[in-house]
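Peer 1: model the following, please.
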Amino acid sequence: MTHPIDDLVTTFYRAFSGDTDLLETVVTPDWEDIPLAPGQGPGPQGAVPIISGLAEAISGLEIVVLDVVDGRGSDGDGTIATRCEIRGVHTGALMGVPGSAREIAIALHEFHEIADGRIRRTWHLEDWFGFIRRSQDVDAP
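Peer 2: Residues are numbered from 1 along each chain as shown. Presented below is the predicted three-dimensional model:
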């Protein structure tokens, strides 16, 4: 099943916002998440505990897509890049930081390799340092 790029991206980030059943509809069975989080297993099922942990630590978890750069070829295969924010209220422990009850926005940048209408590989970079710094700074925005 192939997805238009907007549907593919939207569904992928809805899965990472807590609707984990959607993940297997947009990624390949051998999907690679690079780098794996500590303790994360391979494939889509390996990401489920990570997503659940984020949802427990961030109330109202939402990943907002700010930009998509589509580098796919005419066959629909290739790479897309996304610039996103992880948003919500930090209510539980995350990255060793206790819940602060503050609204957060964590920068997220990803490259997704698309093959046959599904995401085969994802490289990601989150601004965890900025999250930790802001969570400890009472005057931070």
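Peer 1: what stretches of the protein score poorly on pLDDT?
Peer 2: 1-3, 138-141 (pLDDT under 70).
Peer 1: where's the residue nearest to A105 when sequence neighbours are not counted relative to R121, distance?
Peer 2: Counting by C-beta to C-beta, 6 or more residues apart in numbering, E85 is the residue found nearest to A105 once chain neighbours are left out, at 4.7 Å. For every residue, glycine as well, the C-beta is placed using N, CA and C. If you measure E85 against R121 using C-beta to C-beta, to the nearest Å, the figure is 22 Å.
Peer 1: what do you get for I63?
Peer 2: In terms of C-beta to C-beta, I63 sits 18 Å off from R121.
Peer 1: looking at the two, which is more packed in?
Peer 2: Taking neighbours as other C-beta atoms under 10 Å, I63 and R121 compare with I63 leading, 23 against 17.
Peer 1: the one helix or strand that one maps to pairs with which strands, and in what direction?
Peer 2: Secondary structure from DSSP states H and E places I63 in strand 58-72. Partners of strand 58-72 in the sheet, by DSSP bridges, are strand 78-90 (antiparallel).
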